[in-house]
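Student: coords please:
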Amino acid sequence: MVKVPEPPTGVDDLHAQPKVASDQGLQALKTTLEDSLSEDVFDRLTKFVDNPPKEPSDEYRERALAYVSDCIEHRKAIRPDSLRSLESLPDQIQRITNGGWVYYRNGNQDVDHDVPESEADESDHGKYLFFAPEDARRLENIVVEQFQRRPFRAAKLPTKPAKQEDWVLCLYQGDNRYWYELREEYRDPPTVRFRGFKTDNATRRGEYSDRFREVTENT
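Tutor: A predicted model of the protein is given here:
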């Protein structure tokens, strides 16, 4: 795994909870620090630091800017090369590259379910799984399409150091009501392979549903 940049003295670790910055947030922070260091930004960068500096300074701004720039380059190095630029992602989608995963958060609150809950035969929270052997961009495209059409709230795919045989997308949902729709929309082997829905509990137990086995055996 590529080493994560160490924060300088007096600056929060921007890759640790609860202050993990999104990729967009890091870029905006860099732009701000290139020009000035406001009280609000200073407070944010020192909120979880033991014995923080008493007041902002130009020397502190330069140290923080260098750290933020290193964080941006680190994330670029581990993120799949084929993913969209930040500028081409819809505004409501936040991308967070951190550790072994590229996370997605959906801020679009204006879409409703187009399939009733009664269509689900699994009501536990879990994830739809998609695999792509070559191009992670195809999986990110699924995230963008589904976040804009349906009220999915979160998704993730691996960073380059964490990738195993194929790229894999986890698209999270509270039930499996979209199983048939997603299978039909993204059943395009070998480009993208839909592999069904797996609950969080089944993941922890290493179990697979009948539907998951059915799709796996037929791809």
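
Student: where does the protein have low pLDDT?
Tutor: Residue ranges of the chain with pLDDT under 70: 1, 207-219.

Student: Show me the domain layout of it.
Tutor: Using automatic domain parsing, the domain parsing of the chain gives 23-78, 86-217.

Student: now the ones you listed in CSV, with distance to Thr9 and mean neighbour count?
Tutor: The C-beta positions use only the backbone N, C-alpha and C, and glycine is treated the same way. CSV is the format used below for those (distance: least, C-beta to C-beta, whole Å; neighbours: other C-beta atoms under 10 Å):
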stretch, distance to Thr9, mean neighbour count
domain 23-78, 8, 16
domain 86-217, 22, 17
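
Student: how about the strands in the protein?
Tutor: Assignment of strands within the chain using DSSP state E yields the ranges 93-98, 101-106, 126-132, 154-158, 167-173, 193-199.

Student: and of those, who's closest to Arg63?
Tutor: Nearest to Arg63, of all the strands of the chain, is strand 93-98, at 21.6 Å by C-beta to C-beta.

Student: Just the CA atoms from that closest one would do, formatted as PDB, please.
Tutor: The C-alpha trace of strand 93-98 is given here as PDB (Å, rounded to 0.1, in the frame of the first residue of the first chain):
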ATOM      1  CA  ILE A  93     -21.800  13.100  -5.800                       C
ATOM      2  CA  GLN A  94     -18.900  13.200  -3.300                       C
ATOM      3  CA  ARG A  95     -15.900  10.900  -4.000                       C
ATOM      4  CA  ILE A  96     -13.500  10.000  -1.100                       C
ATOM      5  CA  THR A  97     -10.300   8.100  -2.000                       C
ATOM      6  CA  ASN A  98      -9.000   6.600   1.300                       C
END
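
Student: Neighbouring strands of it in the sheet, and parallel or not?
Tutor: Sheet pairing of strand 93-98 (DSSP bridges) gives strand 101-106 (antiparallel).

Student: tell me the angle the strand it pairs with makes with strand 154-158.
Tutor: 160 degrees (axes from the mean of the first three to the mean of the last three C-alpha atoms, to 10 degrees).

Student: For Leu83, which non-adjacent residue is closest in space?
Tutor: The spatially closest residue to Leu83, leaving aside those adjacent along the chain, is Glu140, at 5.3 Å (C-beta to C-beta, 6 or more residues apart in numbering).

Student: Show me what the helix ranked longest in the chain packs onto, helices and strands only.
Tutor: Counting residues, the longest helix found in the chain (DSSP state H) is helix 58-78. Here helix 58-78 is seen to pack against helix 23-35, strand 93-98 when contacts are counted using 3 or more C-beta pairs under 8 Å, 6 or more residues apart in numbering; DSSP states H and E.

Student: As CSV, the domains of the chain with distance to Pro7 would be great.
Tutor: Output for the domains of the chain, formatted as CSV (distance: least, C-beta to C-beta, whole Å):
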stretch, distance to Pro7
domain 23-78, 6
domain 86-217, 14
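
Student: So for Glu6, which of those domains sits nearest?
Tutor: Glu6 lies closest to domain 23-78 among these, at 8.2 Å (C-beta to C-beta).

Student: Just the terminal-to-terminal distance for the closest one.
Tutor: The first and last residues of domain 23-78 sit 12 Å apart, counting by C-alpha to C-alpha, to the nearest Å.

Student: quick thing: my sequence starts at 735, can you match it?
Tutor: Yep, numbering from 735; the last one is domain 757-812 now.

Student: Alright, that wraps it up for me.
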